[in-house]
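Asks: Sequence plus the predicted model coming up.
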Amino acid sequence: MSPELGRVLLVIGLVLVVAGGLAALGVRLPFGRLPGDIAIEGERGGIYIPIVTMIIVSVVLTVLLNLFLRR
């Protein structure tokens, strides 16, 4: 395993631990339910499809990984 991959895995792990800790404390993340996300509510329940949220997360992760993994 290369040292760069080890650092990336460490950073990803730390981000997940922080996000999990915030979720356990009941803190809501600053994104979600953005305009463009699909929410369908019915009598028996609902469905939420976070299309725009996932596009934003994908762009941010792509930029961050390109910054860390660029040689």
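Replies: It's in.
Asks: immediately after the host helix or strand of residue 48, which helix or strand?
Replies: Here residue 48, judged by DSSP states H and E, is contained in strand 46-49. Under the assignment DSSP H and E, the closest C-terminal helix or strand after strand 46-49 is helix 51-69.
Asks: on that earlier part again, paired strands for the strand holding residue 48, with orientation please.
Replies: strand 38-41 (antiparallel) (DSSP bridges).
Asks: could you give the mean pLDDT of the partner strand?
Replies: In this model, strand 38-41 has a mean pLDDT of 90.
Asks: And for it, what's in contact with it?
Replies: 33, 46, 47, 48, 49, 51 (Cβ atoms under 8 Å, 6 or more residues apart in numbering). Bear in mind the C-beta positions are built from the backbone N, C-alpha and C, glycine included.
Asks: Can I get that strand in CSV? Just the C-alpha atoms.
Replies: Provided in CSV are the C-alpha atoms of strand 38-41 (Å, rounded to 0.1, in the frame of the first residue of the first chain):
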residue,chain,number,x,y,z
ILE,A,38,-37.2,15.2,-5.2
ALA,A,39,-39.5,14.6,-2.2
ILE,A,40,-42.7,12.6,-2.7
GLU,A,41,-45.1,12.3,0.3
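Asks: Might you calculate how far that strand sits from the centre of the chain?
Replies: 20 Å (Cα atoms, centre = their mean, to the nearest Å).
Asks: Pull out the buried positions in it.
Replies: Within strand 38-41, no residue is scored as buried using 16 or more other Cβ atoms under 10 Å.
Asks: what residue is smack in the middle of this structure?
Replies: residue 57 (5.3 Å; Cα atoms, centre = their mean).
Asks: Give the burial count for the nearest residue to residue 37 once chain neighbours are set aside, as a bare number.
Replies: In space, and not counting its chain neighbours, residue 37 is closest to residue 50: 4.8 Å by Cβ to Cβ, 6 or more residues apart in numbering. Counted with other Cβ atoms under 10 Å, the neighbours of residue 50 add up to 17.
Asks: Tell me the spacing between residue 50 and residue 56.
Replies: The gap separating residue 50 from residue 56 is 9 Å, by Cβ to Cβ, to the nearest Å.
Asks: between the two, what contacts are shared?
Replies: Overlap between the contact sets of residue 50 and residue 56, as judged by Cβ under 8 Å, 6+ apart, is given by residue 34.
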